[in-house]
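K.L.:
Fold the following for me, if possible:
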Amino acid sequence: MTRNDLARLLDHSVLKPEATAADIGAGASVVREWNIGCYCVQPWWVQHARSALAGTDAVVASVVGFPHGCDVTPVKVEATRRAVDAGAAEIDMVGAFGALRGGDARSFAADIAAVVRAAGDARVKVILESAALTDAEKRLGCRLVREAGAAFVKTSTGFHPAGGASVDDVRLLRAEVGPDIGVKASGAIRTLADVEAMLAAGANRIGTSASAAILAAVA
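P.N.:
Got it, this is the predicted structure:
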C-alpha cells in the first residue's frame, strides 16, 4: 500500500472540546498536505472545516451524540440534519450505549435507523465503544447496526476510560458484519504499526489524530 493509498483510508480527527478555529484550520492543513480522505470534527466546526478544505476531494465527517450516546433520538436526528446541511458527508454517531448494554435492542436499533434516515446520502458510522462491551454485546450491536442500514460500525470514541480500538475487537466486528459494511478502528491509534495491525484485522477505515506522523513513517 502506498502512502497515498493509506491516506485515503484515514479519518483525520480533531475532536477535543477545547479545539479552536486555529486548531481546526491546522487539522485541515494536515488533510490537504497528505491528501487524507476524511476530516472528522465536532458539529460546531463542520462548516469551517468544509470551507478550509474547498478545492480538495476530502470529505468532512461530523460526530453526533458524542461522546456518550445519551442524547435522545430526536436530538441526534436534528444534529444529523444540521451537520449534513453544513457540509458533512459522513456522520459518526454514538449509539445508545446504555440501551445496548441493558439488552434493549429495539431502542438501540431505532436510534440508529432514525439517524440513517436523517442523514440521507451521507454515510453513517455507528460507534459501539467496544472496549466497554462484552463480546456478546458487540455481536448484538453489529447485527443491529447492519439491520439499521448504517455504512460502518466503529470501535470507539477515543474518550471512554475503558480504552480505544483493539485488534481483537476489530477482528470480531469484521467477522460479525461481513464484507459489505465498513469497519472503522478508532481510539489510541498513533503509529503506523497500529494502523497496519488494524487493517490486517479487517478495518477499512482508521480514525486518528496522529495522521501526519503515521503517514510520514510510510517508506
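
K.L.:
Report the rounded mean pLDDT for stretch 10-27.
P.N.:
Mean per-residue pLDDT for stretch 10-27: 98.

K.L.:
mind checking the backbone torsions on the residue nearest in space to the middle of the chain?
P.N.:
Centroid-nearest residue in the chain: Asp92, 4.5 Å away (criterion: C-alpha atoms, centre = their mean). In terms of degrees, to the nearest 10, the main-chain angles of Asp92 are phi -100, psi 100.

K.L.:
ok, now how distant is it from Ala52?
P.N.:
19 Å (C-beta to C-beta, to the nearest Å). In short, each C-beta sits where N, CA and C put it, glycine included.

K.L.:
before we move on, what about Gly102?
P.N.:
40 Å.

K.L.:
and those two? which has more neighbours close in?
P.N.:
Remark: of Gly102 and Ala52, Ala52 carries more neighbours, 22 against 12, as counted by other C-beta atoms under 10 Å.

K.L.:
what sits against that one?
P.N.:
24-25, 28-29 (C-beta atoms under 8 Å, 6 or more residues apart in numbering).

K.L.:
ok, of those, which come out buried?
P.N.:
Neighbour-count burial (16 or more other C-beta atoms under 10 Å) applied to those gives 24, 28.

K.L.:
Show me the contacts of Ala52 that map onto helices.
P.N.:
Among those, the members falling in helices (DSSP state H) are 24-25, 28-29.

K.L.:
Farthest pair within those?
P.N.:
Maximum pairwise distance in those, criterion C-beta to C-beta, is 9.9 Å, between Ile24 and Ser29.

K.L.:
all strands for the chain, in order.
P.N.:
Assigned by DSSP state E, the chain shows strands spanning 10-14, 38-41, 59-64, 90-94, 123-127, 152-154, 182-186, 205-208.

K.L.:
among these, which is nearest Val195?
P.N.:
Val195 lies closest to strand 205-208 among the strands of the chain, at 5.4 Å (C-beta to C-beta).

K.L.:
Could you verify my assumption that the residue nearest to the centre of the chain touches Val63?
P.N.:
Yes: Asp92 lies in contact with Val63 (C-beta atoms under 8 Å); the separation is 4.9 Å.

K.L.:
Find residues that contact each of the two.
P.N.:
Cys40.
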